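1. Just a sequence and a predicted model for now, questions to come.
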Amino acid sequence: MSERWVSIRTRLSEIWASPVNRWLILIWIAAILIRVGLAPFAAHMDLYSIYSRAAEAAYGGEWLGWGSQIVIQSIHNVWLWVLTPVLPGADQIWSQTAGVFGVGVQEHEFERFLGYEYLSRLLFLLKVPYIAADLIAGLLLMRLGSPERRVMVAALWLLNPLVIYTTVLFARHDSMAIAIMLGGVVLATAGKRYLGLGLLLFSAVMRFFPVLIAPFFLIAYRRSRRELIYLASILAGGWLLLDGIVWALTVESPTLTLLNRYPHVSYLFEMSIPLYRFPFGQTLELFMFPLVYLLVLFWYYERNPQGTRDLIPAATAVYSLVFALTFFHPQYAIWLVPFMALAVARYPTLLPLHIVQVVLLLLHTLQWGSATTTELFLPLSVEAVSMLPDPRNVIAAQMPLDLFFAIVRTALAAVSIWIAWRLMTNSYAEPEPNQPIEKTFRHEGTGP
């Protein structure tokens, strides 16, 4: 046996001898097996829609045909083009109307997709960028977490049902934007604030959600009030520059399209309290999420006048409030997880609340019935899945649907607001150096 092989075996034995390393290895093996095992057998129609638009580029050469989400769409365009040699006949299975506003995918087109001869291979390969980004996000979260908490951070992300549901079953691409956002946070915490800000900006162009933590990012990592203005100017200027480039290439502004055509922004203003009704019929309203968001932002700025470089509690609170005070579709729940994983690992007393939060979010998913539950497994067997009862009908047989989902949504809002409140009021009282966090919470009351 060669000395090199002996050295490798010795090193592996040393790694396995550590209980922390053993848990990490087992978590990562389980996470990879779950993703690889489920990927070929489930998908939502959204996956078919975005790759149908990508087919216009991969097979038709129309690379800039979807300008409103050009960054995330271009990734899919290139990936489908790369896959064309291993997907024989796939050019005939895509929707011709997926990229048409107000029309979208037709039912017979999706049925044609489900009948593709190499469907399992296709589904797995289409999800590879999502799963890769998902796993990279797990590595970045471990980097952001303290060494003694990496097992919990890894488990809370890699084995979280919300992450598995969104990335593997529903098959959404949000994990790619999350990985880039977390990369920006890692760079910022390492002192590379401008590169980190650039990645945050890039992730915000890909998906809307990073925009919500951008002000907190600036406050957390600036070194002076003057630099805060400078960083904000860079962020705004970079956004306008990217928007202008896309506008010039596609004759369509991503920002204006987001504001005018997509519900992401309008959802933030749907929960409101009427304050006054004018004689001419209009009503002055108080928008709840913007109100609470600004209060949290003011609190964070006042609490951290010199910058603390601690973004995690504030970001966790913001995303908790998003899912407490706004309307959302179930696939977006993944955005709750990354900073929550770090917060729960830092403050383990939040773990039971997050478990309740996950359960309530999964119950909330039943609101869309079979479209977001059983029908995700249509690639496994159209005939068998079609025979399964709609979850909404099962619930309706026991109690009124409106009452059930009202209870679930109210409980979810209460738990999420409570998590945000505990983080905001207690998270910045740090434990003494080298003192166990749990002990500090129990005896000094400094944690949530």
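-> Good, I have the coordinates. Numbering: from 1, shown residues only.
2. Report the mean confidence score over stretch 87-99.
-> For stretch 87-99, mean pLDDT rounds to 88.
3. for stretch 154-170, same thing?
-> On average, stretch 154-170 scores 97.
4. chain center to that stretch: distance?
-> With C-alpha atoms, centre = their mean, to the nearest Å as the basis, stretch 154-170 stands 10 Å off its chain's centre.
5. May I see the buried residues of it?
-> By 16 or more other C-beta atoms under 10 Å, the buried positions in stretch 154-170 come out as 154-158, 160, 162-170. Using the backbone N, CA and C atoms, a C-beta is placed for each residue, glycine as well.
6. Among these, which lie within helices?
-> Filtering the buried residues of stretch 154-170 for membership in helices, criterion DSSP state H, returns 154, 155, 156, 157, 158, 162, 163, 164.
7. Next, the contact list for the first one, please.
-> By C-beta atoms under 8 Å, 6 or more residues apart in numbering, the contact list for residue 154 reads 24, 27, 28, 138, 141, 142.
8. could you say which helix or strand contains the closest residue to it other than its chain neighbours?
-> Spatial nearest neighbour of residue 154, excluding adjacent residues (C-beta to C-beta, 6 or more residues apart in numbering): residue 27 at 5.0 Å. Here residue 27, judged by DSSP states H and E, is contained in helix 19-38.
9. I'd like to know which elements the helix or strand just after that helix is packed against.
-> Sequence-wise, the next helix or strand downstream of helix 19-38 (DSSP H and E) is helix 45-58. The contact analysis (3 or more C-beta pairs under 8 Å, 6 or more residues apart in numbering; DSSP states H and E) places helix 45-58 against helix 70-83, helix 107-114, helix 119-144.
10. Looking at those helices, spot the one closest to residue 223.
-> Nearest of these to residue 223, taken as C-beta to C-beta: helix 119-144 at 20.2 Å.
11. Identify the residues contacting the most centrally placed residue in the chain.
-> Closest residue to the average C-alpha location of the chain: residue 335 at 3.1 Å, with C-alpha atoms, centre = their mean. Contacts for residue 335 were tallied using C-beta under 8 Å, 6+ apart; they are 174, 178, 209, 319, 322.
12. try residue 106
-> 95, 97 are the contacts of residue 106 under C-beta under 8 Å, 6+ apart.
13. try it again with 10 Å
-> The contact partners of residue 106, taken as C-beta atoms under 10 Å, 6 or more residues apart in numbering, are 95, 96, 97, 98, 112.
14. Show me the two of the ones in helices among the buried residues of stretch 154-170 that sit farthest apart.
-> 154 and 162 (15.3 Å).
15. Figure out the helix or strand that the residue nearest to residue 364 when sequence neighbours are not counted lives in.
-> Of all residues not flanking residue 364 in the chain, residue 408 sits nearest, at 5.4 Å (C-beta to C-beta, 6+ apart). Under the criterion of DSSP H and E, residue 408 resides in helix 401-426.
16. What are the buried residues along that helix?
-> Within helix 401-426, the residues that count as buried by 16+ other C-beta under 10 Å are 404-405, 408-409, 411-413, 415-420, 422-424, 426.
17. quick one: the strands in the stretch 201-350 of the chain?
-> Here the stretch 201-350 of the chain has its strands, by DSSP state E, counting those that start in this stretch, at 272-277, 283-287.
18. winner for burial among those?
-> Highest mean neighbour count among the strands of the stretch 201-350 of the chain (mean count of other C-beta atoms under 10 Å): strand 283-287, with a mean of 12.
19. Averaged pLDDT, that one. What do you get?
-> 86.
20. who touches that strand?
-> 268-278, 293, 325.
21. can you redo the residues you listed as TSV with pLDDT and distance to residue 182?
-> Shown next, in TSV, are the contacts of strand 283-287 (pLDDT from 0 to 100; distance: C-beta to C-beta, whole Å):
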residue	pLDDT	distance to residue 182
268	86	23
269	84	28
270	84	29
271	86	29
272	85	33
273	84	35
274	85	39
275	80	39
276	78	43
277	79	45
278	79	46
293	95	21
325	94	24
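22. and which of those is nearest residue 234?
-> Closest to residue 234, out of all of the contacts of strand 283-287 and judged by C-beta to C-beta, is residue 293, at 22.1 Å.
23. Distance check, the closest one against residue 214.
-> 12 Å (C-beta to C-beta, to the nearest Å).
24. Output stretch 197-208 in CSV, but only the C-alpha positions, please.
-> Below are the C-alpha coordinates for stretch 197-208, written out as CSV (Å, rounded to 0.1, in the frame of the first residue of the first chain):
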residue,chain,number,x,y,z
LEU,A,197,-22.8,44.7,-2.5
GLY,A,198,-22.4,43.8,-6.2
LEU,A,199,-23.5,40.3,-5.6
LEU,A,200,-26.5,41.5,-3.6
LEU,A,201,-27.4,43.8,-6.5
PHE,A,202,-27.1,40.9,-9.0
SER,A,203,-29.3,38.6,-6.9
ALA,A,204,-31.9,41.4,-6.7
VAL,A,205,-31.9,41.6,-10.4
MET,A,206,-32.6,37.9,-10.6
ARG,A,207,-35.3,37.9,-8.0
PHE,A,208,-37.2,40.6,-6.1
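25. Please name the nearest non-neighbouring residue to residue 183.
-> residue 199 (5.0 Å).
26. helix or strand for the one you found, which one?
-> Using DSSP H and E, residue 199 sits within helix 193-206.
27. Which other helices and strands does that helix contact?
-> In terms of contacts (3 or more C-beta pairs under 10 Å, 6 or more residues apart in numbering; DSSP states H and E), helix 193-206 is packed against helix 70-83, helix 174-189, helix 214-221, helix 225-250.
28. Residue 377 versus residue 115, what's the distance?
-> Distance from residue 115 to residue 377, counting by C-beta to C-beta: 16 Å.
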